[in-house]
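[1] All I have is the shape, not the residue letters:
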């Protein structure tokens, strides 16, 4: 094994911390623009997110409809959310430990994440992850994680073959199909918003803590 590629949300860092900060910005905006109680708007937004998860594309549509507000305001809410960079979220100690140890071992390291490219890059910058890895690929700029191109770009950047690489992610719906088809090993970190979903045959191993990756990456 010569390369390890990580997802970001709910893999290197819990996604809920990012979501809360973004929803706080949206709630503050709708309080000012529509005179909605800010705390109530925030609670409803977080409730919708917990019910629908981050992959649901109409969360703000549903929120505006529930509040009987014009759907024309959706794009504004999306832009506020995506432009809200993390303010207090820090890289967990477990992730720091794993990255530090893999770097000590001489592993090539990468981050391949999906979602809004600008928002994901703001997270990466805020967490200081650029200094830990050799390559960052934002799948949203090259299709999705369900296409080969982002993974091909990552392997090219790392100058690594698929069979010598491992992908670590959390979402069984999107994270593992393509890397497994390409010949990579796959590890699922079970937790976060997709914890209740069952793994599929494209997951080689499951772990419950990011630190456990160090125990299994000797394959």
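    Ah, there it is. In this text the structure is predicted, and so the values were computed from the model without any measurement. Numbers count the residues shown, from 1 in each chain.
[2] residues in contact with the residue of the chain positioned farthest from its centre?
    For the chain, the residue at maximal distance from the C-alpha centroid (CA atoms, centre = their mean) is residue 35, at 32.1 Å. If you count contacts by CB atoms under 8 Å, 6 or more residues apart in numbering, residue 35 has none. No exception for glycine: its C-beta is placed from N, CA and C like everyone else's.
[3] okay, it: pLDDT?
    Here, the pLDDT recorded for residue 35 equals 96.
[4] and what of the one 5 residues further on?
    Per-residue confidence at residue 40 stands at 98 (pLDDT).
[5] for this structure, longest helix please?
    Ranked by number of residues, the top helix in the chain under DSSP state H is helix 15-34.
[6] between the helix or strand just after that helix and helix 15-34, how many degrees?
    For helix 15-34, the following helix or strand on the C-terminal side (DSSP states H and E) is helix 38-52. Here helix 38-52 runs at an angle of 130 degrees relative to helix 15-34 (axes from the mean of the first three to the mean of the last three CA atoms, to 10 degrees).
[7] So which bits of helix 38-52 are buried?
    Counting neighbours by 16 or more other CB atoms under 10 Å, one finds that the buried residues in helix 38-52 are 41-42, 44-46, 48-49.
[8] now swap in stretch 202-213 and tell me
    202-205, 207, 210, 212-213.
[9] Turn those into a markdown table, including distance to residue 18, secondary structure and pLDDT.
    Formatted as a markdown table, these follow (distance: CB to CB, whole Å; DSSP: H, G, I helix; E, B strand; the rest coil; pLDDT from 0 to 100):
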| residue | distance to residue 18 | secondary structure | pLDDT |
| --- | --- | --- | --- |
| 202 | 26 | coil | 97 |
| 203 | 24 | coil | 97 |
| 204 | 27 | coil | 97 |
| 205 | 26 | strand | 97 |
| 207 | 22 | strand | 97 |
| 210 | 16 | helix | 97 |
| 212 | 23 | helix | 96 |
| 213 | 21 | helix | 96 |
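[10] a markdown table for those residues, including distance to residue 158?
    A markdown table is the format used below for these (distance: CB to CB, whole Å):
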| residue | distance to residue 158 |
| --- | --- |
| 202 | 21 |
| 203 | 22 |
| 204 | 19 |
| 205 | 21 |
| 207 | 22 |
| 210 | 20 |
| 212 | 23 |
| 213 | 17 |
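[11] Now do residue 189 against residue 176, distance only.
    11 Å (CB to CB, to the nearest Å).
[12] Could you pull out the helices in the protein for me?
    Going by DSSP H, the chain shows helices at 15-34, 38-52, 59-66, 74-82, 93-104, 117-127, 149-158, 177-182, 213-216.
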